[in-house]
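K.L.:
could you look at this predicted model? Sequence included:
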Amino acid sequence: MTADPLSDALALVRARCVITGGFIASGDWSVRFRPSAALKLKGLVRGRCWLLAAGRPPRLLTKGNVATFNRVESFVLCSDPAIPPVEEPEALRPGPGPLDRFGAPHDRNDRADETEQAVVAIGGHIDLDRSGDELLLSVLPRLTVLAGESAEADEVMRLLEQLLEERSAPRPGSNFAADQYAQLLLLQVLRAVLEHGSSSRPGWLTVLADPDLRPALTLMHTDPGRAWGLDELARASAMSRSRFATRFKQVSGQPPVAYLTRWRIRLAERALRETDTTVAALASELGYASESSFSHAFARTVGVSPGRYRRSVRTPAPGGDHPVSEDHAVSGAYAVSGAS
């Protein structure tokens, strides 16, 4: 394992940002979007527009802002909050190019949409496997807006421009390039959440946002098979044993030992899905005294034995020899997204 808990967790839940499209809007317009993905994002590449979300005052988005929506039923982007919104499918207008069009009709020879008078946005969603609910969705705010004046702003703006270029003028390798830029965009959004403490609910991401607890978390992720004692973890965080235990539980929602156990089980799930490591070897690698003790801990957390879990996620697909992953099937609930 690495000494980078954020990278560990993103790899574990197979977090992947997928840019599905974008739009150009000009004139008077107001569009209601209804995300079918659990995590949706919109990034403003040019212009400015208003964001309306339930329970929040209207917010003006400007160039470089990225809004992330966590299990939000709907939201509105518009030129003026006073304009009644139109549902996304009904608001679409025909036009040249790969981006959707909203608002005033566009003349094929009129390049006004490339000026600051028009809004240009990139949209996408974030795929996660079934562990993502616990590790990411449960602690992210319902709405996160990465501000244009943040420390990440210049890098985010560069990524948005690159994504727009790859989507607007496809070249050899455009899909591959867009995929890499999208992952970096996701990373910048999460770094902003950590940096500004936007996540207030107990959980994994909230622990990462706590600089005093991060050293202990890094130890557990670096060597999850070690029998970490409370004294060692408290010393790493420069706290007394009692203060560390209390604070860790408040921030993560569980005691340090329970966190370590849960992290081990998540690592075990991945190994059972993706490798042929025996249950006995896995038990030893993850610090369990015996295969039996590991199997009991796994069954308490997952609900089935390690062997049964492995068989369930490697069941051959009907009519084929390739296994169907249980996580792959569940992640589909998070993967479906609209066109923009």
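P.N.:
Happy to help now that I have it. Numbers count the residues shown, from 1 in each chain.
K.L.:
where do the helices sit along the stretch 101-250 of the chain?
P.N.:
All helices of the stretch 101-250 of the chain, identified by DSSP state H, counting those that start in this stretch, fall at 132, 153-168, 174-196, 204-208, 214-222, 230-236, 241-252.
K.L.:
the ones you listed: lowest mean pLDDT?
P.N.:
Lowest mean pLDDT within these: helix 132, a mean of 74.
K.L.:
helices or strands up against that one?
P.N.:
Based on contacts counted as 3 or more C-beta pairs under 8 Å, 6 or more residues apart in numbering; DSSP states H and E, there is no element that helix 132 packs against. No exception for glycine: its C-beta is placed from N, CA and C like everyone else's.
K.L.:
what distance do you get for the residue nearest to the spatial centre of the chain to R16?
P.N.:
The structure's the chain has its C-alpha centroid closest to I126; by C-alpha atoms, centre = their mean the separation is 5.2 Å. As judged by C-beta to C-beta, to the nearest Å, I126 and R16 stand 7 Å apart.
K.L.:
name the residues contacting each of those two.
P.N.:
By C-beta atoms under 8 Å, 6 or more residues apart in numbering, I126 and R16 have these common neighbours: L186.
K.L.:
circling back to that earlier point, just checking, the residue nearest to the centre of the chain touches I19?
P.N.:
No - counting by C-beta atoms under 8 Å, I126 stays clear of I19, with 10.5 Å between them.
K.L.:
shared neighbours of the two, which are they?
P.N.:
With C-beta under 8 Å, 6+ apart, I126 and I19 have no common neighbours.
K.L.:
low-scoring stretches of the protein, by residue?
P.N.:
1-3, 95-96, 105-117, 131, 148-151, 197-200, 315-340 (pLDDT under 70).
K.L.:
straight-line length of stretch 42-62, end to end?
P.N.:
Start and end residues of stretch 42-62 are separated by 12 Å (C-alpha to C-alpha, to the nearest Å).
K.L.:
what does it rub up against?
P.N.:
With C-beta under 8 Å, 6+ apart as the test, stretch 42-62 has contacts from 22, 25, 33, 63-67, 69, 72-81, 85, 116-123, 142-143, 145, 148, 156, 160-161, 163-164, 185.
K.L.:
which of those residues are buried?
P.N.:
By neighbour count, with 16 or more other C-beta atoms under 10 Å, those hold 22, 25, 33, 63-67, 69, 72, 75-79, 85, 118-123, 143, 145, 148, 156, 160-161, 163-164, 185 as buried.
K.L.:
circling back to that earlier point, show me what contacts the residue nearest to the centre of the chain?
P.N.:
Each residue near I126 by C-beta under 8 Å, 6+ apart is listed here: A15, R16, C17, V18, A37, A38, L39, K40, L41, L186, Y334.
K.L.:
out of those residues, the closest to V193 would be?
P.N.:
Checking the contacts of I126 against V193 with C-beta to C-beta, the nearest one is L186 at 10.9 Å.
K.L.:
three-state assignment of the residue lying closest to that closest one once chain neighbours are set aside?
P.N.:
Excluding the flanking residues, the one nearest L186 by C-beta to C-beta, 6 or more residues apart in numbering is C17, at 3.9 Å. C17 falls in the strand class when you classify it by DSSP: H, G, I helix; E, B strand; the rest coil.
K.L.:
thinking again about what came up before, just checking, which of the buried ones among the contacts of stretch 42-62 belong to strands?
P.N.:
Those of the buried ones among the contacts of stretch 42-62 mapping onto strands are 22, 25, 33, 66-67, 69, 75-78, 119-123, 143, 145, per DSSP state E.
K.L.:
turn the contacts of I126 into TSV, columns for neighbour count and distance to S242.
P.N.:
TSV is the format used below for those (neighbours: other C-beta atoms under 10 Å; distance: C-beta to C-beta, whole Å):
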residue	neighbour count	distance to S242
A15	22	35
R16	17	40
C17	21	41
V18	17	45
A37	21	42
A38	24	38
L39	25	37
K40	23	42
L41	25	41
L186	22	37
Y334	23	39
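K.L.:
and those, which is closest to W204?
P.N.:
Using C-beta to C-beta, these come closest to W204 at A15, 12.2 Å.
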